[in-house]
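> Give me the fold of what follows.
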Amino acid sequence: MKKIKLTKEEQLIEDNAENYISIKGNKLKQIKKSISESNERERISLRLNQKTLKLIKVRASEEGIPYQTLISSVLHKFVNDDLVDGRQLKKLSKHL
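Predicted coordinates:
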């Protein structure tokens, strides 16, 4: 099995995974509010396989938006639990 080299931040997360505590209630609302008040953007690097990137570019083109905007939108929806899986919707609609 190929060993993956982690960054310092990734290794810190890996080392402390068992100490993870879910945040709920007012504390979670407070954190989300402080995050939403900041509209600053930060540049990141992201490695994707070529096929995935090509598919993202095609989808972005179909939507008429830059592919970076599409990626940002999908990630934003994911972390806010607003991302909807179309396949799951189709399965659910069959049961109605």
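> The residue positioned nearest the centre of the chain and L46, how far apart?
Centroid-nearest residue in the chain, with CA atoms, centre = their mean: L75, separated by 3.3 Å. Distance of L75 to L46, given as CB to CB, to the nearest Å: 10 Å. Yep, even glycine has a C-beta here, placed from its N, CA and C like the rest.
> ok, now how distant is the residue nearest to the centre of the chain from D81?
If you go by CB to CB, the gap between L75 and D81 works out to 12 Å.
> intersection of neighbour lists for these two?
Contact with both L75 and D81 is made by no residue, according to CB atoms under 8 Å, 6 or more residues apart in numbering.
> re the thing from before, continuing past the host helix or strand of the residue nearest to the centre of the chain, what's the next helix or strand?
Assessed by DSSP states H and E, L75 sits inside helix 67-79. Once helix 67-79 ends, the next helix or strand along the chain (criterion: DSSP H and E) is helix 86-94.
> Quick check: which helices or strands does that next one pack against?
Helix 86-94 sits against no helix or strand, with contacts defined as 3 or more CB pairs under 8 Å, 6 or more residues apart in numbering; DSSP states H and E.
> what distance separates that helix from the centre of its chain?
Its chain's C-alpha centre and that of helix 86-94 lie 22 Å apart, by CA atoms, centre = their mean, to the nearest Å.
> buried stuff in it?
Judged by neighbour count (16 or more other CB atoms under 10 Å), helix 86-94 contains no buried residues.
> all numbers from here: first residue = 828
In the new count, where the first residue is 828, that last one comes out as helix 913-921.
> Let me know the average pLDDT across that helix.
Mean pLDDT, computed over helix 913-921, is 78.
> outside of it, which residues touch it?
Outside helix 913-921, not a single residue reaches it (CB under 8 Å, 6+ apart).
> Sounds good, over and out.
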